[in-house]
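Engineer: Sharing a model that was predicted from the sequence below.
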2 protein chains.
Amino acid sequence: MAETRKQVKRSVADGQDEANRRQALIRASARLFREKGFEATTVRDIAGAVGMRSGSPFYHFSNKQEILKAVMEEGLRQGLDRTEEALKAATTPQERFRAMVRTHYGILHDEGSEFIAVLLYDWRSLPDEHKQDIIAVKDRYDLLWQACLQEMLSLGLLGANSDHDKAAADDVKTARLMIMGAINFTVTWYKQHTGRGAMDLDALSDRTVRFFMREAP
Amino acid sequence: MAETRKQVKRSVADGQDEANRRQALIRASARLFREKGFEATTVRDIAGAVGMRSGSPFYHFSNKQEILKAVMEEGLRQGLDRTEEALKAATTPQERFRAMVRTHYGILHDEGSEFIAVLLYDWRSLPDEHKQDIIAVKDRYDLLWQACLQEMLSLGLLGANSDHDKAAADDVKTARLMIMGAINFTVTWYKQHTGRGAMDLDALSDRTVRFFMREAP
DNA sequence: CCTACCGATCGGTAGG
DNA sequence: CCTACCGATCGGTAGG
């Protein structure tokens, strides 16, 4: 009986260790993929980054593509969590819009948060049979944006249609694609530096919100 | 003397053929890079696409990276030409803005025009020593946008600062980064199809212009 | 531009 | 998770 309990404890701990090692591989992979791309990153790079030998990642993942999928899933999971958390503190449509913009910038540019940038950069490398799984989660995130922008458009606080009471579904989708495009594209040019004259994520968010948002009519 | 003339003629023709083969390699590479990425495209893929054997592209380019650079240069050259041409027909700031948006969409999505999409997707794969050359040409293109948006902002036809006579340089840059980001990001989601319900590049341009442009105050 | 080839490297596996 | 390894493929070259 004591024996049994001990064994159970041991295997729970092992399971934790294993999950930790898996997480370490995902984090290291995200950083490497973000830096030089999925195709240019070797399994040896990944293994080396967490102190393993070249064959060992395959104890945790059945192939390289599964690592890519795990990176993207981790990013979306974290992104949804952070966004829902940020929305709790926002009460007005304008505050919600600002919160979503700022949170998305964090998701894209915070240190240790390279998962979504990898999703954007290396989508082509994800095997077709995995794409639907990722899209399903991404759809949930897009819905949060859709609700936020629907609200903004209806109030005339955004882009076209400020003179209509109801924003058409197409307009909401266009607004989402344009705004998220603008924000996502910062992965190609925004660099966080600490020197003077640097623009931090708060400043970038301010500029973005100011550019897209209209005064209430 | 006749001999000499003939030889000159011949070598001119050869030079043409060689240039043609080089162009064919650039076009085929652009299509392949756009489809599956620079790293995932092999020299054998490229050679096969123009009916060559695997070693032959190296008669035209000293290595694979030089092909990538040539693809990007070709795209910027074509992009500048098309934009300057389109601007000739536009007389008002609004017309110029619309012309630049529509032309950029053409550059990104027209069939046989995959060069700039490759620049956006595979920038990381370009060796550092080539980046400055490409940036120098890209700067010329950005300047055309900068002038166009400066004009729009000063007239209060765009985003923030509609109540100021002079748009600050930072505002122009922000507007450019946001608008070009939104447009460039369409490479990740826009698909041209011919069926009903499809949005062609004219419709996409309309939506884009309408979303970003304000009524004159 | 082809033929023939090479050294290096890659993703992945067997067996412990 | 390591050791030891493999088949396949890759970018690139020599010689014509």
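Structural biologist: Received it, and whenever you're ready, just let me know what you need.
Engineer: In the longest helix that chain A contains, which residues are buried?
Structural biologist: In chain A, assigned by DSSP state H, the helix with the most residues is helix A:2-36. Counting neighbours by 16 or more other CB atoms under 10 Å in any protein chain shown, one finds that the buried residues in helix A:2-36 are A:21-22, A:25-34. From N, CA and C alone the C-beta is placed, and that goes for glycine too.
Engineer: hmm, that helix touching DNA strand D?
Structural biologist: Yes: residues of helix A:2-36 contacting DNA strand D under CB under 7 Å from any atom of the strand: A:17-18, A:21.
Engineer: possible to save the residues you listed as a markdown table with pLDDT?
Structural biologist: A markdown table is the format used below for the residues of helix A:2-36 next to DNA strand D (pLDDT from 0 to 100):
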| residue | pLDDT |
| --- | --- |
| A:Asp17 | 88 |
| A:Glu18 | 90 |
| A:Arg21 | 97 |
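Engineer: I'd like to know which of those is nearest to chain B.
Structural biologist: Taking CB to the nearest CB as the measure, A:Arg21 is the one of these closest to chain B, at 27.2 Å.
Engineer: ok, the closest one touching A:Ser56?
Structural biologist: No: A:Arg21 sits out of contact with A:Ser56 when judged by CB atoms under 8 Å, with a separation of 9.0 Å.
Engineer: can you list the residues of chain A near DNA strand C?
Structural biologist: Taking CB under 7 Å from any atom of the strand as the test, the list of chain A residues beside DNA strand C reads A:41-44, A:54-55, A:58, A:62-65.
Engineer: Recalculate using a threshold of 6 Å.
Structural biologist: In this structure, chain A approaches DNA strand C at residues A:42-44, A:54-55, A:58, A:63-64, judged by CB under 6 Å from any atom of the strand.
Engineer: For PyMOL, what selects the buried ones among those?
Structural biologist: PyMOL command restricting the residues of chain A next to DNA strand C to the buried ones, with burial defined by 16+ other CB under 10 Å:
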select buried, chain A and resi 43+64
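Engineer: Please go through the residues of chain A next to DNA strand C and note which also touch DNA strand D.
Structural biologist: Filtering the residues of chain A next to DNA strand C for proximity to DNA strand D (criterion: CB under 6 Å from any atom of the strand) leaves A:54-55.
Engineer: just curious, which of the residues of chain A next to DNA strand C is nearest to DNA strand D?
Structural biologist: The nearest member of those to DNA strand D, counting by CB to the nearest atom of the strand, is A:Gly55 at 3.4 Å.
Engineer: what's around the spatially closest residue to the closest one that is not a sequence neighbour, how many residues?
Structural biologist: Using CB to CB, 6 or more residues apart in numbering or on different chains and skipping the chain neighbours, the partner closest in space to A:Gly55 is A:Ala47 (7.8 Å). A:Ala47 has 18 neighbouring residues, counting by other CB atoms under 10 Å in any protein chain shown.
Engineer: Against DNA strand D, how distant is A:Ala47?
Structural biologist: A:Ala47 sits 7 Å away from DNA strand D, going by CB to the nearest atom of the strand, to the nearest Å.
Engineer: Now do the same contact list for the nearest residue to A:His60 once chain neighbours are set aside.
Structural biologist: Using CB to CB, 6+ apart and skipping residues adjacent in sequence, the residue nearest A:His60 is A:Arg22, 4.9 Å away. Taking CB atoms under 8 Å, 6 or more residues apart in numbering or on different chains as the contact definition, A:Arg22 lies against A:60-61, A:70.
Engineer: before we move on, back to that, how about the residues of chain A next to DNA strand C in a markdown table, adding secondary structure and pLDDT?
Structural biologist: Converted to a markdown table, the residues of chain A next to DNA strand C look like this (DSSP: H, G, I helix; E, B strand; the rest coil; pLDDT from 0 to 100):
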| residue | secondary structure | pLDDT |
| --- | --- | --- |
| A:Thr42 | coil | 98 |
| A:Val43 | helix | 98 |
| A:Arg44 | helix | 98 |
| A:Ser54 | coil | 96 |
| A:Gly55 | coil | 97 |
| A:Phe58 | helix | 98 |
| A:Asn63 | coil | 98 |
| A:Lys64 | helix | 98 |
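Engineer: what's around A:Cys174, how many residues?
Structural biologist: One thing to correct before we go on: residue A:174 is Thr, not Cys. Using other CB under 10 Å, A:Thr174 has 25 neighbouring residues.
Engineer: Which strands and helices lie in contact with the helix or strand containing it?
Structural biologist: Counting by DSSP states H and E, the secondary-structure element that holds A:Thr174 is helix A:169-184. For helix A:169-184, the packing partners by 3 or more CB pairs under 8 Å, 6 or more residues apart in numbering or on different chains; DSSP states H and E come out as helix A:93-109, helix A:128-154, helix A:201-212, helix B:169-184, helix B:201-212.
Engineer: Could you dump these into a markdown table and include mean pLDDT?
Structural biologist: Shown next, in a markdown table, are these (pLDDT from 0 to 100):
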| stretch | mean pLDDT |
| --- | --- |
| helix A:93-109 | 98 |
| helix A:128-154 | 97 |
| helix A:201-212 | 97 |
| helix B:169-184 | 96 |
| helix B:201-212 | 97 |
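Engineer: wait, A:Lys69 sits on A:Leu126?
Structural biologist: Yes: contact criterion CB under 8 Å: A:Lys69 and A:Leu126 qualify, at 6.4 Å.
Engineer: Overlap in contacts, the two.
Structural biologist: Going by CB under 8 Å, 6+ apart, residues that sit against A:Lys69 and also against A:Leu126 are A:Ile134.
Engineer: Would you mind listing what in chain A touches chain B?
Structural biologist: Chain A comes close to chain B at residues A:36-37, A:39-40, A:120-121, A:123-125, A:159-160, A:170, A:174-175, A:177-186, A:188-189, A:207-208, A:210-212, A:214, as judged by CB under 8 Å from any CB of the partner chain.
Engineer: State the pLDDT value of the most centrally placed residue in chain A.
Structural biologist: Centroid-nearest residue in chain A: A:Ile116, 3.6 Å away (criterion: CA atoms, centre = their mean). Here, the pLDDT recorded for A:Ile116 equals 98.
Engineer: Next, the contact list for it, please.
Structural biologist: Residues touching A:Ile116, when contacts are defined by CB under 8 Å, 6+ apart, comprise A:72, A:75-76, A:79, A:107-108.
Engineer: And the residue nearest to it when sequence neighbours are not counted, how close does it get to A:Phe33?
Structural biologist: Nearest residue to A:Ile116 in three dimensions, chain neighbours excluded: A:Gly75, at 4.3 Å (CB to CB, 6+ apart). Using CB to CB, to the nearest Å, one gets 11 Å for the distance from A:Gly75 to A:Phe33.
Engineer: what touches both of those two?
Structural biologist: A:Val118.
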